[in-house]
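**Q** Starting from these lines, generate the structure:
(one chain, ligands or ions: 2)
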Amino acid sequence: MPSEDSLRQKLKKRTKQSFSGNSLRTKEDGISFEKNGVHRRGNESEGKLKKRVNFKGKQFSEEIEERGKLRTLDFSGKKKRVYAKEGRDKNGKLENGVATSKKRTLFKKGEKKVKADPVKGSSGHRTMWVPGKLRNVGSKVKRLTHTVKEREENVILATTKHKGRGKDEGKMKFVGEDDQGSGLVKRSRENKSELGKRKSHEVVYPSSFVKKKARDKMGLDHDDDDDAETPRDRPKKKKRVIKIDPHDISNKRLDDGIGVNGSKEEKEKEKESEKEPKMSMNAQFRAIQPGPSILSFVEKNLLGRRRTIDLRREGYNIDLSAPLDNIPFSSSSEREKIEENVFRNKLEYFAAAKVSSSFPPPSLPEIAFAGRSNVGKSSLLNALTRQWGVVRTSEKPGLTQTINFFNLGTKLCLVDLPGYGFAYAKEEVKESWEELVKEYVSRRTGLKRVCLLIDTKWGMKPRDHELVELMERSKTKYQIVLTKTDVVFPIDVARRATQIEESLLHNKSVVKPLMMVSSKSGAGIRSLRTVLANITRFAKR
Ligand SMILES: Nc1nc2c(ncn2[C@@H]2O[C@H](COP(=O)(O)OP(=O)(O)OP(=O)(O)O)[C@@H](O)[C@H]2O)c(=O)[nH]1
Ligand SMILES: [Mg+2]
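**A** Ligands and ions are numbered 1, 2, ... in the order given. Below is the predicted model:
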């Protein structure tokens, strides 16, 4: 039995022999390949390229010095010449300066696939030949054939472990085979743009060794790490979730049970909705068709928003306040006299009541003006008598807080009521006003008519209907008066009048016709005067 030492010596000798066969030194360039990876360089000039491969602890070093042309050696002693590309700098680095060390991959066992971008033509690469079989150094280089697009390019990604002084230390090496099947080392020396292109669609899958290492770090098991291209390594595609609206029947078929599952009530509702399409309040208002009598009244009295030029054309002196209250085409620069004698009297304030007990005795027939706060009650009193400033008005709702009694001569009493609804006052105070108004309109003897003022723009509100019901119950005569007609279009004045008339069609205590006025423009004031004067005339004391 040969001793262990002798066996080792034999093995050493054999190894030496094998290396001596591969140890080459060229006369010209001083390129050397030596065992143990000891690297000697005959020429330290610029433009050197180093390549070292280390497998299983054995080192293989390779140095190629290039001067314009790249001289390539294989281990069978043959020289091959590969032309260098311009995209290489003096130091043998890629011009774009991108360190390839990030792409370094170690191969141990098994074939590793490296996806490489097809490089059309070999001009884009500096190619270095390496032995197809590195049996002498006991290393194995796995090769892989990878078809990319039209051209087949076999690329094996190998990582070299550098111990020498080369400037390319730690950088990734592409080891591949040419079409003939001989082993070669390819170095990508593409210029910046080429690399950029490559980056965009080159995918390098990590080797199993790298993955193992990573999993070791993460503390994962090694059960299924041998395949470098398992589907889970690839970026996972996000599942497309298609949300289907349950109420959307556009994606359903007729036999999916639409209408079958629905209850009878639902069906009926659907039918109803088909018959009566829901309209907004505004749309409903726009759909109102005013009758010819209302329309003609609106036009005759120039109700609604009008241009001053139109008023002038109609013969009104627009320099006067509430010009439409005057007689048209008057030759006088002053205002003509009010036709109704009763309204020529002086308007005099004589009583105010906060509670019903403080109401003055009913000596004269009374006409009261009720309505929401800020609807224009006090202003209308002034406009009817053309006595501006007798009754206080304000932009702020809630100015009138008591029932104010005004004598108009000795024949009529005008009553200004506090408003209801929104007002700048405490809730309990407003409630007391409302109660007071309700008591007045329902119990006041001598009350001949209540003018219920409605803002033309907003129409009747629930509180208005409340008061209407009360007056219906108490059989108090009331007449609707639309106010502030000058702020809306004439057609809307007519629509509002029609709407309110229809809503009160079956009411018994309501007095027709519905009146429309504007205290500001004076439109409809004369008509209202006539109506109210007639009350006085026929009123029994
Ligand atoms: N454009 C326009 N504004 C008006 C008209 N009538 C009244 N106003 C304005 O509406 C505001 C309120 O008027 P008032 O007469 O004080 O209303 P009110 O109903 O007495 O209000 P309260 O006393 O708070 O209940 C004032 O700024 C008036 O100038 C009108 O016909 N047209
Ligand atoms: Mg008022």
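
**Q** Give me the phi and psi for the residue of the stretch 151-300 of the chain found nearest ligand 1.
**A** Distance from ligand 1 to each residue of the stretch 151-300 of the chain (C-beta to the nearest ligand atom) is smallest for residue 298, at 14.9 Å. Using the backbone N, CA and C atoms, a C-beta is placed for each residue, glycine as well. Backbone torsions of residue 298, given as degrees, to the nearest 10, read phi -60, psi -40.

**Q** try the one 4 residues further on
**A** Its backbone dihedrals place residue 302 at phi 50, psi 50, with angles given as degrees, to the nearest 10.

**Q** picking up where we left off before, could you check how far the residue of the stretch 151-300 of the chain closest to ligand 1 is from residue 497?
**A** 8 Å (C-beta to C-beta, to the nearest Å).

**Q** Have a look at these two and say which one is more surrounded.
**A** Neighbour totals were compared for residue 298 and residue 497, and residue 497 leads with 28 against 24 (other C-beta atoms under 10 Å).

**Q** Surely that one touches residue 293?
**A** No: in terms of C-beta atoms under 8 Å, residue 497 does not count as a neighbour of residue 293; the distance is 9.9 Å.

**Q** part of a helix, is residue 448?
**A** No: Residue 448 is assigned strand when assessed by DSSP: H, G, I helix; E, B strand; the rest coil, not a helix.

**Q** okay, now the domains of the protein?
**A** When the chain is parsed with automatic domain parsing, its domains come out as 29-218, 292-538.

**Q** Worst mean pLDDT among those domains?
**A** The weakest mean pLDDT among the domains of the chain belongs to domain 29-218, with a mean of 45.

**Q** all helices for this structure, in order.
**A** Remark: helices assigned in the chain by DSSP state H are 4-22, 192-201, 208-218, 264-275, 281-286, 292-300, 308-313, 377-385, 427-443, 462-474, 490-503, 525-538.

**Q** and the last one, which residues are buried?
**A** This means helix 525-538. Within helix 525-538, the residues that qualify as buried are 525-529, 531-533, 535-536, counting by 16 or more other C-beta atoms under 10 Å.

**Q** show me which of the residues you listed neighbour ligand 2.
**A** Applying C-beta under 5 Å from the ion to these, one finds that nothing falls near ligand 2.

**Q** re the thing from before, from the helices of the chain, which stretch is densest packed?
**A** For these, the largest average neighbour count (mean count of other C-beta atoms under 10 Å) is found in helix 377-385, namely a mean of 24.

**Q** check whether that helix contacts ligand 1.
**A** Yes: Helix 377-385 comes into contact with ligand 1 (C-beta under 6 Å from any ligand atom), by way of 377-379.

**Q** what does the protein have sitting close to ligand 2?
**A** So far as C-beta under 5 Å from the ion goes, the chain lies against ligand 2 at 377-378, 400.

**Q** which one of the residues of helix 377-385 next to ligand 1 is nearest ligand 2?
**A** Closest approach to ligand 2 among the residues of helix 377-385 next to ligand 1 (C-beta to the ion): residue 378, at 3.3 Å.

**Q** check contacts around that closest one.
**A** 391-393, 399-400, 416 (C-beta atoms under 8 Å, 6 or more residues apart in numbering).

**Q** can you check residue 297 too?
**A** Contacts of residue 297 by C-beta under 8 Å, 6+ apart are 303, 513, 516.

**Q** Just want the residue of the stretch 151-300 of the chain that's nearest ligand 2.
**A** residue 298 (26.1 Å).

**Q** Surely that residue touches residue 490?
**A** Yes: between residue 298 and residue 490 there is a contact at 5.1 Å, judged by C-beta under 8 Å.

**Q** Common neighbours of the two, please.
**A** With C-beta under 8 Å, 6+ apart, residue 298 and residue 490 have common neighbours residue 304.

**Q** Top of the contacts of residue 297 by number of neighbours, please.
**A** Counting by other C-beta under 10 Å, top hit in the contacts of residue 297: residue 303 with 28 neighbours.

**Q** show me the contacts for the residue of the stretch 151-300 of the chain closest to ligand 2.
**A** Counted by C-beta under 8 Å, 6+ apart, residue 298 has contacts 290, 304, 490-491, 493-494, 497, 516.

**Q** From those, pick the one nearest ligand 2.
**A** Nearest to ligand 2 out of the contacts of residue 298 is residue 516 (C-beta to the ion; 19.7 Å).

**Q** beta partners of that closest one?
**A** residue 482 (DSSP bridges).

**Q** so what's it up against?
**A** Counting by C-beta under 8 Å, 6+ apart, the residues that residue 516 touches are 297-298, 301, 303, 456, 481-482, 485, 493, 497, 523-524.

**Q** do residue 355 as well
**A** Here residue 355 is in contact with residue 436 (C-beta under 8 Å, 6+ apart).

**Q** What's the separation between it and residue 415?
**A** For residue 355, the distance to residue 415 - C-beta to C-beta - is 15 Å.

**Q** And the contacts of residue 298, which two are furthest apart?
**A** Pairwise distances across those (C-beta to C-beta) peak at 12.6 Å, for the pair 491 and 516.

**Q** Look up how far residue 431 lies from the nearest residue to residue 517 once chain neighbours are set aside.
**A** Counting by C-beta to C-beta, 6 or more residues apart in numbering, residue 517 lies nearest to residue 524, which is 3.9 Å off, once chain neighbours are set aside. According to C-beta to C-beta, residue 524 stands 33 Å off from residue 431.

**Q** cool, and residue 361?
**A** For residue 361 relative to residue 431 (C-beta to C-beta), the value is 27 Å.

**Q** now residue 319
**A** With C-beta to C-beta as the criterion, residue 319 and residue 431 are 45 Å apart.

**Q** For the stretch 401-541 of the chain, which residue gets nearest to ligand 1?
**A** Closest point on the stretch 401-541 of the chain to ligand 1, by C-beta to the nearest ligand atom, is residue 419, at 2.8 Å.

**Q** what's the burial count for that residue?
**A** Residue 419: 29 neighbours (other C-beta under 10 Å).

**Q** what's it in contact with, if anything?
**A** 371-375, 377, 397-398, 400, 433.

**Q** residues touching residue 327, list them.
**A** So residue 327 contacts residue 336 (C-beta under 8 Å, 6+ apart).

**Q** For it, give me phi and psi.
**A** phi -80, psi 130.

**Q** likewise residue 332?
**A** phi -80, psi 140.

**Q** How many neighbouring residues does it have?
**A** 10.

**Q** how far does stretch 302-316 stretch from start to finish?
**A** Stretch 302-316 has its terminal residues 11 Å apart, counting by C-alpha to C-alpha, to the nearest Å.

**Q** Run through who's touching that stretch.
**A** 297-298, 318, 323-324, 326, 328-330, 485-493, 516, 518, 521, 523-524.

**Q** how about 6 Å then?
**A** 318, 323-324, 328-329, 485, 489-490, 493, 516, 523-524 (C-beta atoms under 6 Å, 6 or more residues apart in numbering).

**Q** can those residues go into CSV with extra columns for distance to residue 351?
**A** As requested, those are exported to CSV (distance: C-beta to C-beta, whole Å):
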residue, distance to residue 351
318, 37
323, 33
324, 32
328, 38
329, 41
485, 31
489, 40
490, 39
493, 35
516, 30
523, 31
524, 29
